[in-house]
Structure formats: structure tokens, C-alpha cells
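In: I would like to see how this sequence folds:
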Amino acid sequence: MSGHSKFANIKHKKEKNDAAKGKIFTIIGREIAVAVKEGGPDPDNNSRLRDVIAKAKANNMPSDTIERGIKKAAGSADDVNYESVTYEGYGPGGTAIIVRALTDNKNRTAANVRNAFTKGKGSLGTQGCVSYMFDEKGQILIDKEDCKTDGDDLMMMALDAGAEDFTEEDDSFEILTSPDDFSAVRESLEKEGISMADAQVTMIPQTYVALTEEQDIYGINKILTLLDEDDDVQEVYHNWDE
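Out: Predicted coordinates:
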């Protein structure tokens with residue numbers, strides 16, 4: 001996908017998150033709570049929790065904050081229960097948007113997501129209406145400046161660990177895995193001392209849509225901004241060629 005620097009997008013997202021760490025820490029805190037509830041508080045026996053901890057560290061979440069989150073989730077059986085919900089819809093110019101949320105009130109979240117689409121001149125659709133335009137993949141991004149390993153050696157490490165694909169860009173390496181193999185590949189690279197700029201299971205667009213009309217660009221930015229401000233929203237995927 002030439003012209004689409006995933007690493008540049010990640011850096012852009014992280015810069016935004018650095019200005020609003022409360023938002024990203026809230027997101028990760030909920031993911032920790034769900035992971036502990038589903039698989040227990042021991043990361044050694046809970047691969048989902050290990051993945052969330054890795055995400056927390058990549059976002060500079062303090063270790064003591066992570067530990068407190070795990071202990072709180074482990075000792076709060078009667079605490080708030082979060083449900084995972086996914087919304088799909090269309091942005092301006094035929095763009096496709098997927099929204100994943102963790103919520104304790106699905107009515108509130110649905111209303112907020114619908115409002116975001118409406119204000120940006122988009123529309124919510126039915127389940128599956130746009131997800132077929134994306135591939136669910138484990139994605140690991142490595143900053144070349146932080147990587148002392150030769151590209152060919154890194155590729156062999158990744159493929160030997162079970163990765164599906166390895167690509168090199170000007171500023172980064174990208175490793176793709178199946179969702180099921182993501183944890184094993186990430187952990188294998190961690191053991192080799194490979195520093196990762198980002199590592200998560202994500203939705204990768206099969207094709208991208210360019211917007212040229214000013215009102216369309218304004219509209220999709222409005223949708224994405226409102227979704228980003230909603231604490232229930234965990235991830236937003238889209239195929240807009242920014």
C-alpha cells in the first residue's frame with residue numbers, strides 16, 4: 001500500500017494521545033478490566049492480558065498504574081461490567097468506518113456514535129455493511145531508528161515466529177500476522193529485544209478512499225473527532241486516505 005505510511009499514522013495518533021493521556025489510559029484501563037475478567041489476573045496464563053499490558057507500556061502507562069488496574073479488576077467481581085460492541089457505517093464520500101467500544105451502557109454509546117456520524121454527514125449501517133472491506137490482522141510496527149537488527153534478520157525472526165508478511169518502508173518495518181498468531185509473534189520478538197512502536201490486532205483497509213471535496217473532509221474529521229472524544233470508544237478504523 002504505497003503512499004500509506006502506517007508508522008506516520010501511529011505517530012500522529014500517539015501525538016494526539018500524548019495531549020490527552022487520560023483518554024488513552026481510560027481505554028487501556030477498561031481493556032485490562034475485561035481481560036482480567038475473561039482470563040484472570042496472571043499475565044503468564046492470560047495472553048489477552050499480556051497483549052493489553054504491552055499496549056499500555058507502548059503508550060507510556062506507568063507500571064504501578066497497570067498493576068493497580070489489574071488488582072482492582074481482580075478484586076471487583078461486583079464492579080462495572082463492560083460489554084464489547086461494534087458499529088459500522090459510512091462517512092462522507094463513501095468512506096467506510098468501523099467503531100469498537102467497551103461500554104456499561106449500550107444505549108448511551110449507540111446514541112453517541114450515531115450522533116457523531118450524523119454531525120459529520122455520515123450514517124450508521126448494519127452489522128457487516130463495511131467490515132468486508134477490511135482484513136483483521138495482527139500488526140506490529142517497528143521504528144527503524146529504534147531497531148538495531150538488520151532488516152533481513154528481523155524478517156526471518158518474524159516469519160519463523162509465525163508472521164504472515166513483512167514489509168519495509170522508509171521509516172519503519174511492518175509485520176502482519178493472523179489474529180490467532182499475533183500474541184506468539186509479538187512475544188517472540190520481545191524476547192529478542194525488539195522494540196515496537198505499536199502492536200495490536202487491527203482492521204486494515206483493502207483499499208483507500210481519497211476525499212477531494214472540502215465539505216467531505218470536514219465531515220469525516222468531525223466524525224473522527226467526536227468518536228475520539230467518547231470514552232466508550234476504544235478503536236476507530238476507516239479507509240480514508242488522509
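In: Can you point out the buried residues in the longest helix anywhere in the chain?
Out: Longest helix in the chain, counting residues (DSSP state H): helix 21-39. Buried residues in helix 21-39, counting neighbours by 16 or more other Cβ atoms under 10 Å, are found at 23-25, 27-37. To be clear about C-beta, it is placed using only N, CA and C from the backbone, and glycine gets the same treatment.
In: what sits up against the following helix or strand past that helix?
Out: Going down the chain from helix 21-39, the next helix or strand is helix 47-58, by DSSP states H and E. Residues outside helix 47-58 that contact it (Cβ atoms under 8 Å, 6 or more residues apart in numbering) are 28, 31-32, 35-36, 38-43, 63, 65-66, 70, 182-183, 186-187, 190, 196-201.
In: Of these, grab the buried ones for ChimeraX.
Out: Here is the ChimeraX selection string for the buried members of these, based on 16+ other Cβ under 10 Å:
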select :28,31,32,35,36,41,43,66,70,182,183,186,196,197,198,199,200,201
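In: so what are the domain limits for this protein?
Out: Taking automatic domain parsing as the criterion, the chain consists of the domains 6-74, 83-132+207-238, 134-205.
In: And those, which one averages the lowest pLDDT?
Out: When the domains of the chain are ranked by mean pLDDT, domain 6-74 comes last with a mean of 81.
In: Put the alpha carbons of the longest strand along the chain into CSV.
Out: Longest strand in the chain, counting residues (DSSP state E): strand 134-143. Provided in CSV are the C-alpha atoms of strand 134-143 (Å, rounded to 0.1, in the frame of the first residue of the first chain):
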residue,chain,number,x,y,z
PHE,A,134,-11.1,-4.7,5.9
ASP,A,135,-8.9,-7.5,6.9
GLU,A,136,-8.4,-8.3,10.5
LYS,A,137,-4.7,-8.7,11.2
GLY,A,138,-2.2,-8.6,13.9
GLN,A,139,0.0,-5.6,13.1
ILE,A,140,3.5,-4.8,14.6
LEU,A,141,5.2,-1.6,13.6
ILE,A,142,8.9,-1.1,14.4
ASP,A,143,10.7,2.3,14.1
